[in-house]
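Peer 1: what follows is a protein structure lacking sequence information:
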């Protein structure tokens with residue numbers, strides 16, 4: 001009977017059609033299941049503002065289709081908790097976390113000032129593409145400062161202060177420059193800190209009309225402590241009025 005059944009072309013056609021439909025349905029179901037396979041990822045329970053530390057109470061998990069997960073989505077809570085929302089953005093409530101919006105504290109602009117010793121003063125040194133050797137000075141680099149001037153009719157170019165660590169680099173709009181990139185603007189200011197004595201010397205050097213030039217050092221440069229050239233210091237001091245502390249008085253006028 002089977003032989004007679006399969007010998008009927010109409011029956012064979014129907015069976016073949018049914019088999020094709022079943023195969024197509026299974027293939028379609030497999031494809032759909034693969035596309036919508038649920039993946040558990042972290043999300044923000046509420047809005048998280050810029051510069052905010054991401055704590056565990058701010059993070060939940062939700063299952064979403066794997067097709068919605070791009071390479072920039074953070075897939076693990078462990079890669080979110082303890083980090084910070086980038087300084088130039090915020091994370092809306094219910095949003096997934098993306099790589100460009102979540103950074104470590106070391107990559108936050110605020111981190112430049114976290115290790116400034118007590119008693120030191122933040123100094124901003126104006127620079128340009130030439131004095132930074134083509135924008136090659138970045139946060140964490142060690143630099144020396146050279147003093148350039150026309151002293152008593154003669155050209156002077158000598159080391160002033162050595163062993164300074166750059167805290168931050170900013171462009172002309174005040175934006176931080178962390179590393180070389182295609183969108184990088186020219187450096188406009190180097191930020192560092194020195195004690196009050198060197199801060200005053202730095203200001204005096206600028207007031208004499210001299211130029212302060214940074215010189216980048218390589219990673220093997222050994223400068224354990226900030227040092228100053230006493231010879232150049234004496235030249236700068238000879239051109240400015242240096243008041244003793246007891247020479248500065250405060251006058252108070254009382255109106256009756």
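Peer 2: Arrived safely, thanks for sending. Quantities reported herein were computed from a predicted structural model and do not represent experimental measurements. Numbering: from 1, shown residues only.
Peer 1: which residues are in contact with stretch 48-65?
Peer 2: 35-46, 77, 80-91, 96-97, 102, 108, 110 (CB atoms under 8 Å, 6 or more residues apart in numbering). In short, each C-beta sits where N, CA and C put it, glycine included.
Peer 1: quick check: buried residues in that stretch?
Peer 2: 48, 51, 54, 58-59, 64 (16 or more other CB atoms under 10 Å).
Peer 1: min pLDDT across these, which one?
Peer 2: Lowest pLDDT of the buried residues of stretch 48-65: residue 51, 82.
Peer 1: how much space between it and residue 71?
Peer 2: 25 Å (CB to CB, to the nearest Å).
Peer 1: now do residue 44
Peer 2: 19 Å.
Peer 1: and what of residue 172?
Peer 2: Taking CB to CB, one finds residue 172 at 33 Å from residue 71.
Peer 1: ok, those two, which is more surrounded?
Peer 2: Counting neighbours by other CB atoms under 10 Å for residue 172 and for residue 71 shows that residue 172 has the greater number, 11 against 5.
Peer 1: can I assume the more buried one is in contact with residue 127?
Peer 2: No - contact criterion CB atoms under 8 Å: residue 172 and residue 127 do not qualify, at 10.7 Å.
Peer 1: overlap in contacts, these two.
Peer 2: residue 188.
Peer 1: can you flag the buried ones in the contacts of stretch 48-65?
Peer 2: Buried among the contacts of stretch 48-65 (16+ other CB under 10 Å): 41-44, 77, 80, 83-86, 91, 96-97, 102, 108.
Peer 1: what is the lowest-pLDDT residue among these?
Peer 2: For those, the pLDDT minimum is residue 108, 76.
Peer 1: report the contact partners of it.
Peer 2: 51, 84, 86-87.
Peer 1: can we see that at 6 Å?
Peer 2: 84, 87 (CB atoms under 6 Å, 6 or more residues apart in numbering).
Peer 1: try residue 191
Peer 2: Residue 191 neighbours (CB under 6 Å, 6+ apart): 124, 167-168.
Peer 1: 7 Å instead, please
Peer 2: When contacts are counted by CB atoms under 7 Å, 6 or more residues apart in numbering, residue 191 touches 112, 122, 124, 167-168, 170.
Peer 1: do residue 196 as well
Peer 2: Contacts of residue 196 by CB under 7 Å, 6+ apart are 119, 121.
Peer 1: residue 158: which element?
Peer 2: strand 154-165 (DSSP states H and E).
Peer 1: so which elements touch that strand?
Peer 2: With contacts taken as 3 or more CB pairs under 7 Å, 6 or more residues apart in numbering; DSSP states H and E, strand 154-165 sits against strand 142-151, strand 187-194, strand 227-228, helix 230-237.
Peer 1: in the record's domain split, what are the boundaries for the chain?
Peer 2: Annotated domains of the chain cover 38-107, 110-237 [automatic domain parsing].
Peer 1: could I get the ones you listed in CSV, plus columns for distance to residue 17?
Peer 2: Formatted as CSV, the domains of the chain follow (distance: least, CB to CB, whole Å):
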stretch, distance to residue 17
domain 38-107, 31
domain 110-237, 57
